[in-house]
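Trainee: Here is a sequence together with a model predicted from it:
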Amino acid sequence: MIDVSSLRKGMHIVLDGKIYTVVDFEMHKMGRGHSAVVRTRIKDVLSALVQDKTFKSGDQVEEAVLTLKNAQYLYKDDNFAYFMLTDNYEQYSLQLGDIEDNIKFMKENMEMNLLFHDNDVIGVLLPASVILEVVETDPGFKGDTVAGSGKPAILETGLKITIPFFVNKGEKVKIDTRTGDYIERA
């Protein structure tokens, strides 16, 4: 257990059985006769939901010790996604509901990191960008260059995005995994 006054950005804590990352924190000293409070902004590691939480000075929280292990995404079925650690070939599975925001960027044999807490896999950490193939889109037309516009496309993982008019079916594109936006043609 650690005192809330020692919280810092990037630390991981456990609250109500969930693991959070401290995104921001501020120490506020109250008037005479009142104890200080620590206002934090925390992000759920699994759901990525951000919330504000205020602690009283002297409150204690559990620090979460997380480890990253390099893994390869193998495949998914109706309920689970399966991974293999690259160093010892151990296999792990995660429920699709736990990684629903990430699965749309993942293709078979892709390397990524698995997030562990107490030897249990709790999540996936994707690279900042991935390269995926466009499997369905309308053909572009010469002169179709209106700034800020694009056309809908479906990528090999089923992800639906907006791409520029000059990108065609069968081409590979680089996608930002944090926002889901097109970055460039690969």
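Mentor: Perfect, I can see it now. Numbering: from 1, shown residues only.

Trainee: What is the neighbour count of residue 3?
Mentor: Close neighbours of residue 3, defined as other CB atoms under 10 Å, add up to 13. Glycine gets a C-beta too; all of them are placed from N, C-alpha and C.

Trainee: May I have the phi/psi pair for it?
Mentor: Phi and psi for residue 3, reported as degrees, to the nearest 10, are phi -80, psi 140.

Trainee: Quick check: closest non-adjacent residue to it.
Mentor: Spatially, and ignoring its direct neighbours in sequence, residue 3 is nearest to residue 60 (6.1 Å; CB to CB, 6 or more residues apart in numbering).

Trainee: Tell me how far that neighbour lies from residue 8.
Mentor: Residue 60 sits 16 Å away from residue 8, going by CB to CB, to the nearest Å.

Trainee: Quick test: name the residue nearest the centre of the protein.
Mentor: Nearest to the geometric centre of the chain sits residue 125, at 5.9 Å (CA atoms, centre = their mean).

Trainee: Need the pLDDT of the nearest residue to that residue once chain neighbours are set aside.
Mentor: Nearest non-adjacent residue to residue 125, counting by CB to CB, 6+ apart: residue 113, 4.1 Å away. With respect to pLDDT, residue 113 scores 93.

Trainee: Would you mind pulling up the elements that the helix or strand where residue 113 lies packs against?
Mentor: Assigned by DSSP states H and E, residue 113 belongs to strand 111-117. Packing partners of strand 111-117 (3 or more CB pairs under 8 Å, 6 or more residues apart in numbering; DSSP states H and E): strand 66-76, strand 120-125.

Trainee: Tabulate those (CSV), appending distance to residue 153 and mean pLDDT.
Mentor: CSV is the format used below for those (distance: least, CB to CB, whole Å; pLDDT from 0 to 100):
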stretch, distance to residue 153, mean pLDDT
strand 66-76, 22, 93
strand 120-125, 24, 86
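
Trainee: pretty sure residue 39 belongs to a strand, no?
Mentor: Yes: residue assignment for residue 39, taken from DSSP: H, G, I helix; E, B strand; the rest coil, places it within a strand.

Trainee: That one touches residue 22, doesn't it?
Mentor: No: the pair residue 39 / residue 22 is not scored as a contact, 11.2 Å apart, by CB atoms under 8 Å.

Trainee: Need the nearest residue in space to residue 123, chain neighbours excluded.
Mentor: Spatial nearest neighbour of residue 123, chain neighbours left out: residue 115 (4.1 Å); criterion: CB to CB, 6+ apart.

Trainee: Only the buried residues of stretch 93-104, if you could.
Mentor: In terms of neighbour count (16 or more other CB atoms under 10 Å), stretch 93-104 has its buried residues at 94, 98, 99, 102, 103, 104.
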